[in-house]
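J.: Pasting the sequence and the predicted coordinates here, then a few questions.
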Number of protein chains: 4
Amino acid sequence: MAIGQGRIDPATIVAVIGKTHGNGLVNDYTRGYLTLCLSTLIGERTGRSPEQVREAVPFIFSGGTEGVLSPHYTVFTVVEDAAALDGGKALAIGVAFTQAMRPSNVGRQAQIDAIAEAVKQAMARARIEEAHFVQVKGPAFTLAEILADQREGRFALTDNPGKLMGFGRAASALGVAKALGEIPADKAVESAVLRDFSLYSSVASMSAGVEVKVNEVIVVGMSRAWSGPLAIDHATMTDALDIGAIHAMIRRLGFPAAPQIAEPARVKAAFVKCEAPRDGMVRGRPHTMLNDGDINEQRHIRGAVGAIAASILNDTALFVSGGAEHQGPDGGGMIAVIAERAAPRA
Amino acid sequence: MAIGQGRIDPATIVAVIGKTHGNGLVNDYTRGYLTLCLSTLIGERTGRSPEQVREAVPFIFSGGTEGVLSPHYTVFTVVEDAAALDGGKALAIGVAFTQAMRPSNVGRQAQIDAIAEAVKQAMARARIEEAHFVQVKGPAFTLAEILADQREGRFALTDNPGKLMGFGRAASALGVAKALGEIPADKAVESAVLRDFSLYSSVASMSAGVEVKVNEVIVVGMSRAWSGPLAIDHATMTDALDIGAIHAMIRRLGFPAAPQIAEPARVKAAFVKCEAPRDGMVRGRPHTMLNDGDINEQRHIRGAVGAIAASILNDTALFVSGGAEHQGPDGGGMIAVIAERAAPRA
Amino acid sequence: MAIGQGRIDPATIVAVIGKTHGNGLVNDYTRGYLTLCLSTLIGERTGRSPEQVREAVPFIFSGGTEGVLSPHYTVFTVVEDAAALDGGKALAIGVAFTQAMRPSNVGRQAQIDAIAEAVKQAMARARIEEAHFVQVKGPAFTLAEILADQREGRFALTDNPGKLMGFGRAASALGVAKALGEIPADKAVESAVLRDFSLYSSVASMSAGVEVKVNEVIVVGMSRAWSGPLAIDHATMTDALDIGAIHAMIRRLGFPAAPQIAEPARVKAAFVKCEAPRDGMVRGRPHTMLNDGDINEQRHIRGAVGAIAASILNDTALFVSGGAEHQGPDGGGMIAVIAERAAPRA
Amino acid sequence: MAIGQGRIDPATIVAVIGKTHGNGLVNDYTRGYLTLCLSTLIGERTGRSPEQVREAVPFIFSGGTEGVLSPHYTVFTVVEDAAALDGGKALAIGVAFTQAMRPSNVGRQAQIDAIAEAVKQAMARARIEEAHFVQVKGPAFTLAEILADQREGRFALTDNPGKLMGFGRAASALGVAKALGEIPADKAVESAVLRDFSLYSSVASMSAGVEVKVNEVIVVGMSRAWSGPLAIDHATMTDALDIGAIHAMIRRLGFPAAPQIAEPARVKAAFVKCEAPRDGMVRGRPHTMLNDGDINEQRHIRGAVGAIAASILNDTALFVSGGAEHQGPDGGGMIAVIAERAAPRA
């Protein structure tokens, strides 16, 4: 619609990140559906095939808008304008892709290294000085694909499709941590995947879906080589109720202290990772998310942490994604917010 | 456990309110299970049969602890101590029961009037001057019970068990509003049930379950005829994100201004009602709770608003209940908190 | 794939009917996704836009392959060959579309009449003498669409999206019954919709989805104006366990008497409608499908009746669809099977 | 009710097996609820405490009556009557219990051996010559219990509660197979648990629930030391659609050949184990049970195989239980039926 109205020039789109109506689990096809629709639309306007658009632009969709959350997507566009540079830092974005992967690659050192390489590439291309949010969309596989790989002698870490998604998110997060120096870069950490949760990235947000075969990497940060009215910052949430971290971050972005942001229009996008604590407890009391046979744990925690963030940011169009393995501390997660600066940069 | 250790004298128990592990919908049997267990336990310690205990003590359990919420129950005990009265107001509690009801009574004027009568009775008995929280647990019926009633010529408002629960909660809330003067007491309002949502009670919290046949009414408020270290207050939430109302209430209860309560031990109990907005929108953006075929809308909204309240109160053992028909404004709800006073009363 | 390999000439496709991976409820987007994919593919091969393909070819997808059922679709192709006519009856198919509809049209006489007209049109065009299966895919609407219509003064029968799907299926079935003389054609039957279940069609199979705005009608039957090795027959199931009706039908189609078909390759397609009995009973015993807060009743009954049909037909690629309002007797449903004849026609 | 009416003498009850209204997964409390209710009732009538009743009588409840299945329970009563013996075989039942277990015992050789011992004990006591159905109810543990065990240095095979239930069912089934000579008795088979599915018992039916800590074992078979009008037989289903096995078994029990039993009153109880095939396929076509994020695979397969069995037995009050690890061949399961003989024994 924004394209039809001329508000967005489709040729300037570099990435799209959003939440779709599906359940966000293995059998969620809304991610692929929206990718197909948008890549077809952008292709028509820019004279490319949908496939060409998808090879150039990462479309990162996560399903599941539980509770008050609202389906939406954020379109990142970039226009060159050297004259606007003023020596200060501004929002910057870089993208990169890895090679296609098979089920048997997921969760292994090869994936960690490929992600680390792609993160560095995206940052270098975009001259990003501080990375505040690294989104990776990696491949998920159905049982049929896992078994097909197995028949050719390549064994995935598990034949449980949902669990393999977890391995993939975990390894990708460690790849981001490696690229950013959050963990030692010189040794293999495959053995830490889903085991040593003291290793994590504080800016990584991983998701996985059956609609991609490569890993798509988007790095959003701050750079002196970019200009514009926007800034990004991030915070590490130590647990699901850690709203102190969110409040500190939005104050760093220039919002006045208040339980709830009064100018929601200044919030341009927010990204949250969260997970149900593996020890079954939130602040000393038992939760039931891991025992529930009817609602998946990710749907539980997205609804909960998403609502908390929405209540502070005064906005429900948040990218909230579950499965925060190695993305923030164990049982916690991360939040990153892109906002308009309160006043012109000095 | 508290009884076994002598910390609670079972003879002093006047009401129990809590959240159980079930789904909180029609086919939730955990409410009845816990009622049976506790009434048997209390009966053994006080020389009564479980049935006698259940006739004297309302056990109000609501199922569904989505997201960060924690199953728990709050035991209300009362000890006579005229010497402690100091002329100030203190937490007071009163209980009453209506007659047993059939499916065909639910949602009708008879239920409204019976509830109003019971609320007045409970307040009079306990000399409550300000009512801040009125909890009613009314009967829910399975399809088999609805059809049995129908076969005897008594037609319920609907033969959909989940929908009939909604009629019951709605009529009961109007009964509370009638008793408290929140709506005109002199006319029939049956026609407003689930139609005119401008009529509501700001302190009512209704739930329904297949394990009761009568309506159990608990009124919690403040009274000069009572003493003790506790106080209660309540707030009306205009929508799911109305955290301003919560912050104002906890300041009235003496907590310092802060995004999150630092002394959670002072919070003794909290009760929240909420619902998915019928117009499909939260603060101008669409939500998906009413279109979701896999997760019931009540499970969605409890998880969301429960998490928001938990993030402020720094406590996950909250009584959060969905289905807020006529309990607070349309699309919003209510919250009531029992807390220890910060300092001795002057 | 079949198209790429030259096994199917895309220009000969007249209809596609299938089951997709989604939940089959309001928030199922897999129906639209597959429609987009297939119409794009067929359009590319036949020099038409996807929109043109969708206007000419009904794509009728139903979500939900519970239990042993398998996602699949059946492609109907037609080739003219006057020389093949031999005076006997053969499988014939006709299609037609109604005008686009709004939420407020659904379930009303206008929909009944439009469907009846389209059924007659489809039969006349294809010279069908006996109709054995009439599939209609009608529009479903999200809450947002229902409310948008309401704001313009047009009130739908309900603002509950799932329930409105039920009204649509019911009215469409009565439209089919009207066209085929199964109910009186000369009077309005709007008042019978979801009320008088003694009125029904024994060959109707209705589904609804958010991805269409018109009603798409496919009639499959037998005609002397057609030739080929295939035949269709149908049966009315009086309840979910009525396997006698299925066995009688497959014997009419020339299969030998046996609990399970030994030549499943002869079964080319099967279509089943079913529903959870409204009185809560199956053959005198209570079922729990209408009390379950976690699994929708349609997902329950599709999984059950689908498995029963699969166990007899020795095939899991069945089109099983829930919500059988006025499609077969109350609490029952219908089944239609397309099969290869056992031996050449005499 | 049957007890109140004098139809059942509560002192003669030796075991109760049934299906309850819950979801049949970890967070299903209906099993414990019904156990408490029935043990309290029987205790009152027989002058024992509920605990004493539960120590003497196994109550084996499985949750989940998906689709057409009906909640019910079967009460086994035994009366001594030496005069009735006629040298022929009749239905016989024996019970035994193992010691209590911790999470860390589940799925290990200790559980296998304890079960094998209990099966032998139950058969010896009841002088059972042919075992046709061995039901074991073993303990399930919540996350909190697993972690508590872990803190004391005892590590369970997994900290995923649902998965641990699977290990428990698997080990118990191998214990039954060991006792009955279906697998070699002289070597440890712990390493085969959930790995080597060629090892299985053809009469084992395992379930697990949080409401028990010991393993309760019931063996039902035929014995010359017993008399009465009932007989039991069983069949191995090679996959979910293997109705040939069911038909052969009911013919052995004396029912005439027909797609559906015409005298359902003769069927006294039926027990079915089934599972979603791990390779994602049923008879060459993909199923979606293992990819579904909204409905647990066990709920899918119980609804499907339960409906198939119900359609043949003409009865929906079947004990159908998912999770058939090592209980019948991989992807298949078992069925056992207790029926009244057609005519008096010669």
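T.: Thanks, I have it. Numbering: from 1, shown residues only, chains lettered A, B, ... in the order given.
J.: Flag every residue of chain A that's near chain C.
T.: Residues of chain A found near chain C (C-beta under 8 Å from any C-beta of the partner chain) are A:21, A:22, A:27, A:29, A:30, A:32, A:33, A:36, A:37, A:40, A:294, A:295. For glycine as for every other residue, the C-beta is placed from the backbone atoms N, C-alpha and C.
J.: One more pass at 10 Å, please.
T.: Within reach of chain C by C-beta under 10 Å from any C-beta of the partner chain, chain A has these residues: A:20-23, A:27-30, A:32-34, A:36-37, A:40, A:50, A:63, A:142, A:292-295.
J.: Only whichever of the residues you listed are buried, select them in PyMOL.
T.: Restricted to buried positions by 16 or more other C-beta atoms under 10 Å in any protein chain shown, the PyMOL selection for the residues of chain A next to chain C reads:
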select buried, chain A and resi 20+21+22+23+27+28+29+30+32+33+34+36+40+50+63+142+292+293+294+295
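J.: just checking, which of the residues of chain A next to chain C belong to helices?
T.: For these, the ones inside helices are A:30, A:32, A:33, A:34, A:36, A:37, A:40, A:50, with DSSP state H as the criterion.
J.: is it true that residue A:54 touches residue A:38?
T.: Yes - the pair formed by residue A:54 and residue A:38 meets the contact definition of C-beta atoms under 10 Å, at 9.2 Å.
J.: on that earlier part again, restrict the residues of chain A next to chain C to those near chain B?
T.: A:21, A:22, A:23, A:292, A:293, A:294, A:295.
J.: so what's the third one up against?
T.: In other words, residue A:23. Shown in contact with residue A:23 (C-beta atoms under 10 Å, 6 or more residues apart in numbering or on different chains): A:29-30, A:63-64, A:66, A:295-296, A:298-299, B:292-295, C:22-23, C:27, D:292-294.
J.: With adjacent residues omitted, what lies nearest to it?
T.: residue D:293 (4.9 Å; C-beta to C-beta, 6 or more residues apart in numbering or on different chains).
J.: so who does that neighbour touch?
T.: A:22-28, A:63-64, A:161-162, A:295-296, A:298-299, B:294, C:23.
J.: and if you look at residue A:203?
T.: A:119, A:130-135, A:173, A:176-177, A:180, A:182, A:219-221, A:232, A:234, A:236, A:271, A:273, A:327-328, A:334, A:336.
J.: are any of those buried, and which?
T.: Looks like those have A:119, A:131-135, A:173, A:176-177, A:180, A:182, A:219-221, A:232, A:234, A:236, A:271, A:273, A:327-328, A:334, A:336 buried, using 16+ other C-beta under 10 Å.
J.: Strands - which of these land there?
T.: A:131-135, A:219-221, A:232, A:234, A:236, A:271, A:273, A:334, A:336 (DSSP state E).
J.: and residue A:245, how far is that from chain D?
T.: 26 Å (C-beta to the nearest C-beta, to the nearest Å).
J.: nearest spatial neighbour of that residue, skipping sequence neighbours?
T.: Closest to residue A:245 by C-beta to C-beta, 6+ apart is residue A:235, at 4.1 Å.
J.: Equivalent analysis for residue A:320, please.
T.: Nearest to residue A:320 is residue A:306, by C-beta to C-beta, 6+ apart, at 3.8 Å.
J.: Please apply the same query to residue A:263.
T.: Among residues not flanking residue A:263 along the chain, residue A:255 sits closest, at 7.4 Å (C-beta to C-beta, 6+ apart).
J.: same deal with residue A:188?
T.: Per C-beta to C-beta, 6+ apart, closest to residue A:188 is residue A:109, 5.1 Å.
J.: Repeat that for residue A:224.
T.: residue A:89 (5.5 Å).
J.: dump the residue contacts of the one you found.
T.: Taking C-beta under 10 Å, 6+ apart as the test, what residue A:89 contacts is A:128-130, A:221-227, A:231-232, A:345.
J.: swap in residue A:218?
T.: Residue A:218 neighbours (C-beta under 10 Å, 6+ apart): A:14-17, A:58, A:60, A:76, A:93-96, A:118-119, A:122, A:126, A:133-137, A:205.
J.: Those residues in helices, which ones?
T.: Per DSSP H, the contacts of residue A:218 map to helices at A:118, A:119, A:122, A:126.
J.: and which of those is nearest chain C?
T.: Comparing the ones in helices among the contacts of residue A:218 against chain C with C-beta to the nearest C-beta places residue A:118 closest, at 28.2 Å.
J.: From what I see, the closest one and residue A:112 are in contact.
T.: No - Residue A:118 sits out of contact with residue A:112 when judged by C-beta under 10 Å, with a separation of 11.1 Å.
J.: which residues do these two both contact?
T.: Contact with both residue A:118 and residue A:112 is made by residues A:172, A:175, A:176, A:179, according to C-beta under 10 Å, 6+ apart.
J.: As CSV, those with pLDDT and distance to residue A:278 would be great.
T.: Compiled in CSV, the shared contacts of residue A:118 and residue A:112 are given as follows (pLDDT from 0 to 100; distance: C-beta to C-beta, whole Å):
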residue, pLDDT, distance to residue A:278
A:172, 97, 19
A:175, 97, 22
A:176, 98, 21
A:179, 97, 26
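J.: Most neighbours of all those residues, which one?
T.: residue A:172 (37 neighbours; other C-beta atoms under 10 Å in any protein chain shown).
J.: Spell out which parts of the stretch 1-150 of chain A neighbour chain B.
T.: Neighbours of chain B within the stretch 1-150 of chain A, by C-beta under 10 Å from any C-beta: A:19, A:21-23, A:25, A:64-72.
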